[in-house]
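>>> how would this look folded up:
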Amino acid sequence: MITLTDNDDPRFIALASQLLDAAIRSDRPAEIFLIRIDGWFDAKWLNFSGKVLGAVSVHKKQVTIPPFHPHRVLSESHFSADSESGAFVPTSAQPLHIAQPSAQNLTRSISRVSQSAVFFWFSSCTLSLDRGCTMLYRTNQDDVSSWYASFYRSPTWRLDRHRGISPTELQRQLQCA
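Below you'll find the predicted structure:
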């Protein structure tokens with residue numbers, strides 16, 4: 001599902017794909033949103049909603065779409081489960097990341113986008129940066145869960161930071177994929 005580009009380390013893309021596949025098998029969502037972000041992004045993006053008055057960061061209880069500026073979004077893909085086969089097929093969807101005032105980001109609840117989805121963000125340029133990251137949101141009706149994990153290459157990909165998921169759970173997901 002995640003395609004390799006010239007700027008991607010194939011081993012990082014394999015790792016990210018394993019994490020995505022584990023979430024899909026576990027959750028069996030109706031939809032998948034796959035977002036490639038230009039460069040690396042930090043854990044502060046997890047459950048980040050936006051800023052008030054241009055300065056104060058807001059992390060709301062109701063999880064919103066992370067407000068990545070559209071110029072950082074290299075690609076957004078959407079997949080829906082086929083009703084007969086259950087396989088995920090590419091489908092069109094409105095972009096998640098749009099240019100708008102930060103205050104409007106505060107009202108863009110992720111569960112309004114889909115009641116059954118896996119949203120998966122991952123970093124690009126892993127070949128040159130020697131680091132990469134993934135962030136996953138799950139929606140199941142009004143229940144939303146999320147996690148973030150970053151990795152560094154030395155010489156293999158190793159876990160660096162994590163939030164919302166333990167290293168043991170990450171390792172379990174990588175082994176199950």
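
>>> Could you list the low-pLDDT ranges of the protein?
51-61, 177 (pLDDT under 70).

>>> so what does the biggest helix by length in it touch, helix or strand wise?
Criterion DSSP state H: the longest helix present in the chain is helix 10-27. Contacts defined by 3 or more C-beta pairs under 8 Å, 6 or more residues apart in numbering; DSSP states H and E place helix 10-27 against strand 31-37, strand 116-123, strand 131-140, strand 143-153, strand 157-163, helix 167-176. Yep, even glycine has a C-beta here, placed from its N, CA and C like the rest.

>>> Strand 143-153 and the third one, what's the angle between them?
The reference is to strand 131-140. Relative orientation of strand 131-140 versus strand 143-153 (axes from the mean of the first three to the mean of the last three C-alpha atoms, to 10 degrees): 170 degrees.

>>> Who are the packing partners of strand 131-140?
helix 10-27, helix 110-113, strand 116-123, strand 143-153.

>>> And the longest one, by the same measure?
Contacts of strand 143-153 with other secondary structure elements, assessed using 3+ C-beta pairs under 8 Å, 6+ apart, are made with helix 10-27, strand 131-140, strand 157-163.

>>> got JSON lines for these, with distance to V118 and mean neighbour count too?
Formatted as JSON lines, the helices and strands packed on strand 143-153 follow (distance: least, C-beta to C-beta, whole Å; neighbours: other C-beta atoms under 10 Å):
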{"stretch": "helix 10-27", "distance to V118": "5", "mean neighbour count": "18"}
{"stretch": "strand 131-140", "distance to V118": "6", "mean neighbour count": "23"}
{"stretch": "strand 157-163", "distance to V118": "18", "mean neighbour count": "15"}
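
>>> Put together JSON lines for the ones you listed, with distance to W45 on each row.
What follows is the helices and strands packed on strand 143-153, written out as JSON lines (distance: least, C-beta to C-beta, whole Å):
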{"stretch": "helix 10-27", "distance to W45": "16"}
{"stretch": "strand 131-140", "distance to W45": "6"}
{"stretch": "strand 157-163", "distance to W45": "10"}
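
>>> what's the closest of those to E84?
Among the helices and strands packed on strand 143-153, helix 10-27 comes nearest to E84, with 17.7 Å by C-beta to C-beta.

>>> Please work out which residues outside that closest one touch it.
1-2, 4, 32, 34, 88, 118, 120, 122, 126, 132, 134, 136, 138, 140, 149, 151, 153, 156-157, 170, 173-174, 176-177 (C-beta atoms under 8 Å, 6 or more residues apart in numbering).
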